[in-house]
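Undergrad: Please work out how this folds:
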Amino acid sequence: MAAVIEIQGLRKTYRSLRRGPRRALDGFDMVVEEGQVHGFLGPNGSGKTTTLRTLLGLISANDGSMTILGRPVPDALPEVAGRIGAIVESPQFFPHFSAKDTLSLLADAGGVAQTRVDEVLEQVGLRERGKERVKTYSLGMKQRLAVASALLKHPRLLILDEPANGLDPGGIREMRDLMRSLVELGMTVVLSSHILSEVQQICDEVTIISLGRRVAAGPVGEVLARHSAVSVRVRMEAAADLPTAADLLTAEGVTVVTHPDHLMLTGVDKPAWVTRILADRGLYVSELASITADLEDVFLELTGTAPVPGQHRQVDQSVSVEVAA
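TA: Model (predicted):
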């Protein structure tokens, strides 16, 4: 597929008389292919928003190259701006205007037909409340209005910075469905979000940034496979056997973390092997569960904020003695 966004070697340094120079981007690379939802992930201060602002010509980079829809930016940004919809950071609206008035003004300013206003209000689920003043809207409704404003121009590329902010679970699901429907209509969506479970469900590919550098990129499944390892949780019929079982498995080359009521193992190729080793010594397993890391675990590990091994959030793949490989 054609690349909608290409970023190579992007560098940006902020300078402050009080704090001195701060490098926000340090040779960052990113590729977003056409017709996908692409997750852009990074902790606070990682350079994520700086990347988006630089890409959209809101700030200047110190070095590197960028293209949008095959055109170099910022030089060719006027040529492609009409095909980009974007929300970067918190949207701001006139509180005493209605949503419909707000979008109508934006449509006039952008040369967009007024018929498009009702269409985008319908898309984001605000048509019934489009005549109400924005000051009466919840944070989640304001987020929907921001998305509607970004959709006015029928963009080929939609860049959304935390679009699920303030949404309840139902609203998050609706936003997820909206993203998928836009891709089905031929749009490409770049989605920045801290709700990593949503990113894992909705995104085709992800790019993870930390300290201004790309630390992972690719299809979600491949990133998970490349950067996560399967752990095994073991519970014994007799809790008093846990220390003996831990010593035995450690002697067999397994990495073991002991908890009050179970063991967490890494370095086990075939989990069923654990039951055989322990049974040979008269130690019997009551539970053997394969634990697979999800996108949040991988994100925390790659960005240097992972918890102590064995303490991370875990997703059970099995709760029986027979474990699928």
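Undergrad: burial measure for residue 19, as a count.
TA: Residue neighbour count, defined by other Cβ atoms under 10 Å, stands at 8 for residue 19. Every C-beta, even on glycine, is put in place using the N, C-alpha and C of the backbone.
Undergrad: Does it fall in a helix, a strand, or a coil region?
TA: Of the three states, residue 19 takes coil under DSSP: H, G, I helix; E, B strand; the rest coil.
Undergrad: I'd guessed residue 26 sits against residue 209; true?
TA: No: here residue 26 does not reach residue 209: they are 10.0 Å apart, not a contact under Cβ atoms under 8 Å.
Undergrad: pLDDT below threshold where in the stretch 151-300 of the chain?
TA: Where the stretch 151-300 of the chain drops to pLDDT under 70, the residues are 227-230, 292-294.
Undergrad: Start from the N-terminal end of it and give the strands.
TA: Ranges of strands in the stretch 151-300 of the chain, per DSSP state E, counting those that start in this stretch, are 157-161, 188-192, 205-210, 213-219, 231-236, 255-258, 263-266, 285-292.
Undergrad: Enumerate every residue touching residue 204.
TA: Residues in contact with residue 204 (Cβ atoms under 8 Å, 6 or more residues apart in numbering) are 36-38, 219-220.
Undergrad: per-domain residue ranges of the protein.
TA: Following automatic domain parsing, one finds the domains of the chain at 3-225, 229-316.
Undergrad: just checking, which of those domains sits deepest inside the structure?
TA: The highest mean neighbour count among the domains of the chain belongs to domain 3-225 (a mean of 18), with neighbours defined as mean count of other Cβ atoms under 10 Å.
Undergrad: gap between residue 28 and residue 77?
TA: Separation of residue 28 from residue 77 (Cβ to Cβ, to the nearest Å): 19 Å.
Undergrad: that older thread, in TSV: the strands of the stretch 151-300 of the chain, plus distance to residue 128.
TA: Supplementary listing: the strands of the stretch 151-300 of the chain in TSV, determined by distance: least, Cβ to Cβ, whole Å:
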stretch	distance to residue 128
strand 157-161	23
strand 188-192	25
strand 205-210	35
strand 213-219	38
strand 231-236	48
strand 255-258	53
strand 263-266	50
strand 285-292	42
